[in-house]
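A.B. asks: Pasted the sequence and its predicted model underneath.
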Amino acid sequence: MQIFSEPILAALAGATGVPASALKLERPRDPKLGDLAFPCFLVAKERKAAPPAVAAELASALSGKLPGITATAAGPYVNFRIERALLAREICGLVERDGAAYGSSNEGAGKTVVIDFSSPNIAKPMHIGHIRSTILGAALVRLCRKLGYKVVGINHIGDWGAQFGGLVVALRRWKGEVDLERDPVMGLLDLYQRSKAALKDDEAFRAEAVAAYQELESGREGEVRELWRWVTEVSMRGFNATYARLSISHELVRGESWYEPLLAPTLERVKAAGITEISQGALVVTLGELDKSLKETPCLLQQTNGTTLYATRDLAALFSRWEEFGFERCLYVVGGEQKLHFRQLKGVLKRMGCDWEARVEHIDFGLLLGPGKKKIASRKRGEVLVLDDLLDEVSEAALAVIDAKNPELANKRKVADEVGLGALVFNDLKRERVKDVIFDTAEILSFEGDTGPYLQYTHARLASILRKAAATNDAALGAQPDWSVLETAGEILVALGRYGDVVRS
């Protein structure tokens, strides 16, 4: 609504003596009161007057000063209502002029935003736990680009860590018991789960796994490195197939291993800052002086056996990203269960005196759950749902709806895939990010209410109207529009007008 808010703020500045840059307009709680509202509390405080009295005075002073815009007082607010013909003419004119660029801005010009999202672990298929990070991260990429930022989407693949030592031992002992030819990723998942159990209960297995991980971190070529490369390769093939289904890509795909050469310099850098301590043989950074709640949870950077941890690799990645991109913001789209990790990470940066620490942000989110807030299990496997299985489920359900409503539709499978994916994405993005999202196939595929299929259906109907209009020779289509007929479409016009503001916020 910038095209209207600017003249309103200029008029308010003239009436109050306060610079327009210091004034803000709001959206009225009740749309019937107007399209924009000015709260009078601060002006009233300056004048030592009652806010309702100031609102009445300002509404009177602005009467007739804003062509096509009516100002009225309601309690401590001045509400502004824009004539629908004016609203339609200006907003539709901007939409027609700007096309797909409508709502964009150049506020991010010359600035870079790094967005770390999705980030699955090798030796496992992408599962339901990855869907929200992937959807939300891709949405943030689009939003930041709309604002003119250079965006670097990074897929920080989990291809390093002590757990890989356990997988190496599992491959040595049990690879003949799983099918690594037909479905290598699911075979690796089986071995990974067996290794987790063995790491808990088998001391010899645990010792061999530690030795395998130390061998990997040593950088020496040999059996462990060859296995690691093979596991990474087959895992990435599976990930890329899933991303293709989601129509999602990243500018950079860098596993934790990419930062391996930077781990030793990172540890030296933190030590040089004079903030490290040795606690029970491990290298840590205490954070209690920054935040009392972190007093008992120091950031562990190196274990007693010399191996690094997730925090070490994330620090190395952050230093690398700062030096490579000089980012305006670095966003980590990671679930809420990692809050402590990111508080520790930012705490280390703060203790090191990194003045860009505030630019690092954890974008957390809730879980994806089934009806009744129950964990979603796989119908095929009876365990945590693999992401491809989830995509198959919504696609099959969408196909059933199409068969019932329009069985003769061409390209039914392609349409079902698009409708199913749209339903899944819309169901996530329409919710408050930090809250859990409920996944109910019947509900999200409904063609009624706030659903992806309803939005897609509406778009299809509008596209059909435009195609028919383009094919007609009716001379009236080229005439000056009669905007008064859009009086009843006021809410849509206001929503269109607010689009750019919503993108920016």
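C.D. replies: Perfect, I can see it now.
A.B. asks: Contact partners for the residue most central in space within the chain?
C.D. replies: Centroid-nearest residue in the chain, with CA atoms, centre = their mean: residue 136, separated by 2.6 Å. Contact partners of residue 136, counting by CB atoms under 8 Å, 6 or more residues apart in numbering, are 117, 333, 363, 365, 428, 429, 433. Bear in mind the C-beta positions are built from the backbone N, C-alpha and C, glycine included.
A.B. asks: Narrow those residues to just the buried residues.
C.D. replies: The neighbour count (16 or more other CB atoms under 10 Å) marks 117, 333, 363, 365, 428, 433 as buried among the contacts of residue 136.
A.B. asks: per-residue pLDDT, the fifth one?
C.D. replies: If I follow you right, that is residue 428. Per-residue pLDDT puts residue 428 at 94.
A.B. asks: Surely it is in contact with residue 132?
C.D. replies: Yes - when contacts are counted by CB atoms under 8 Å, residue 428 is listed as touching residue 132 (6.1 Å).
A.B. asks: list residues touching both of these two?
C.D. replies: 368, 437.
A.B. asks: Now for the spatially closest residue to residue 56 that is not a sequence neighbour: which residues touch it?
C.D. replies: Among residues not flanking residue 56 along the chain, residue 73 sits closest, at 4.4 Å (CB to CB, 6 or more residues apart in numbering). Applying CB under 8 Å, 6+ apart to residue 73 gives the contacts 52, 55, 56, 58, 59, 79.
A.B. asks: if we go to 10 Å?
C.D. replies: 40, 51, 52, 53, 54, 55, 56, 57, 58, 59, 60, 79 (CB atoms under 10 Å, 6 or more residues apart in numbering).
A.B. asks: Can I have the buried ones of those as a ChimeraX selection?
C.D. replies: Buried subset of the contacts of residue 73, written as a ChimeraX selection, criterion 16+ other CB under 10 Å:
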select :40,51,54,55,56,57,58,59,79
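A.B. asks: Which parts of the stretch 251-400 of the chain are helices?
C.D. replies: Secondary structure of the stretch 251-400 of the chain, counting by DSSP state H, counting those that start in this stretch: helices at 263-272, 310-325, 339-352, 387-405.
A.B. asks: Quick one: closest of the ones you listed to residue 182.
C.D. replies: Taking CB to CB, helix 387-405 is the member of those nearest to residue 182, at 15.1 Å.
A.B. asks: Buried residues of the next helix or strand after that closest one, list them for me.
C.D. replies: Later in the chain than helix 387-405, the nearest helix or strand by DSSP states H and E is helix 412-429. Neighbour-count burial for helix 412-429 flags 415-428 (criterion: 16+ other CB under 10 Å).
A.B. asks: angle of helix 412-429 against helix 387-405?
C.D. replies: 120 degrees (axes from the mean of the first three to the mean of the last three CA atoms, to 10 degrees).
A.B. asks: list the helices and strands helix 412-429 packs on?
C.D. replies: helix 128-146, helix 223-246, strand 368-369, helix 387-405, strand 437-438, helix 441-444, helix 452-471 (3 or more CB pairs under 10 Å, 6 or more residues apart in numbering; DSSP states H and E).
A.B. asks: Show me where the stretch 401-505 of the chain dips below the pLDDT cut-off.
C.D. replies: For the stretch 401-505 of the chain, the stretches with pLDDT under 70 are 476-478, 484, 486-487.
A.B. asks: residues in contact with stretch 194-205?
C.D. replies: 123, 162-171, 173-174, 177-178, 206, 208-210.
A.B. asks: will you turn the helices of the stretch 251-400 of the chain into TSV that also has mean neighbour count?
C.D. replies: Listed next are the helices of the stretch 251-400 of the chain as TSV, based on neighbours: other CB atoms under 10 Å:
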stretch	mean neighbour count
helix 263-272	15
helix 310-325	20
helix 339-352	19
helix 387-405	17
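A.B. asks: May I see the ones you listed organised as JSON lines, with distance to residue 455 added?
C.D. replies: As requested, the helices of the stretch 251-400 of the chain are exported to JSON lines (distance: least, CB to CB, whole Å):
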{"stretch": "helix 263-272", "distance to residue 455": "46"}
{"stretch": "helix 310-325", "distance to residue 455": "35"}
{"stretch": "helix 339-352", "distance to residue 455": "32"}
{"stretch": "helix 387-405", "distance to residue 455": "14"}
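A.B. asks: Among the ones you listed, which comes closest to residue 69?
C.D. replies: helix 310-325 (43.6 Å).
A.B. asks: quick one: the closest one to helix 339-352, angle?
C.D. replies: 60 degrees.
A.B. asks: per the record, what domains does the chain have?
C.D. replies: Domains of the chain are assigned by automatic domain parsing as 2-103+490-504, 375-471.
A.B. asks: Find the nearest non-adjacent residue to residue 156, please.
C.D. replies: Of all residues not flanking residue 156 in the chain, residue 119 sits nearest, at 4.4 Å (CB to CB, 6+ apart).
A.B. asks: dump the residue contacts of residue 252.
C.D. replies: By CB under 10 Å, 6+ apart, residue 252 lies in contact with 114, 116, 152, 153, 154, 155, 156, 258, 321, 324, 325.
A.B. asks: ok, 8 Å please
C.D. replies: Residues in contact with residue 252 (CB under 8 Å, 6+ apart) are 152, 153, 154, 155.
A.B. asks: Checking my notes, the first one in a strand, right?
C.D. replies: Yes - note on residue 152: a strand contains this position according to DSSP: H, G, I helix; E, B strand; the rest coil.
A.B. asks: ok, so what distance separates residue 425 from residue 158?
C.D. replies: Between residue 425 and residue 158 the computed distance is 24 Å (CB to CB, to the nearest Å).
A.B. asks: One more: residue 264?
C.D. replies: For residue 264 relative to residue 158 (CB to CB), the value is 21 Å.
A.B. asks: still on that earlier bit, need the contact list for the residue nearest to residue 156.
C.D. replies: Taking CB under 8 Å, 6+ apart, one finds 130, 133, 155, 156, 157, 158, 334 in contact with residue 119.
A.B. asks: and the fourth one, how many neighbours?
C.D. replies: The criterion is other CB atoms under 10 Å. On that basis, residue 156 has 24 neighbouring residues.
A.B. asks: contacting residues around it?
C.D. replies: So, once contact is read as CB under 8 Å, 6+ apart, residue 156 ends up touching 116, 119, 254, 255, 256, 317.
A.B. asks: do residue 418 as well
C.D. replies: Residue 418 makes contacts with residue 456, as judged by CB under 8 Å, 6+ apart.
A.B. asks: Could you measure from residue 76 over to residue 238?
C.D. replies: 58 Å.
A.B. asks: who's more crowded, those two?
C.D. replies: Just comparing residue 76 and residue 238: by other CB under 10 Å the higher neighbour count belongs to residue 238, 22 against 19.
A.B. asks: Contacts only, for the residue nearest to that one when sequence neighbours are not counted.
C.D. replies: Distance criterion CB to CB, 6+ apart; nearest residue to residue 238, sequence neighbours excluded, is residue 185 at 4.5 Å. Residue 185 makes contact with 123, 124, 125, 234, 235, 238, according to CB under 8 Å, 6+ apart.
A.B. asks: Great, nothing more from me.
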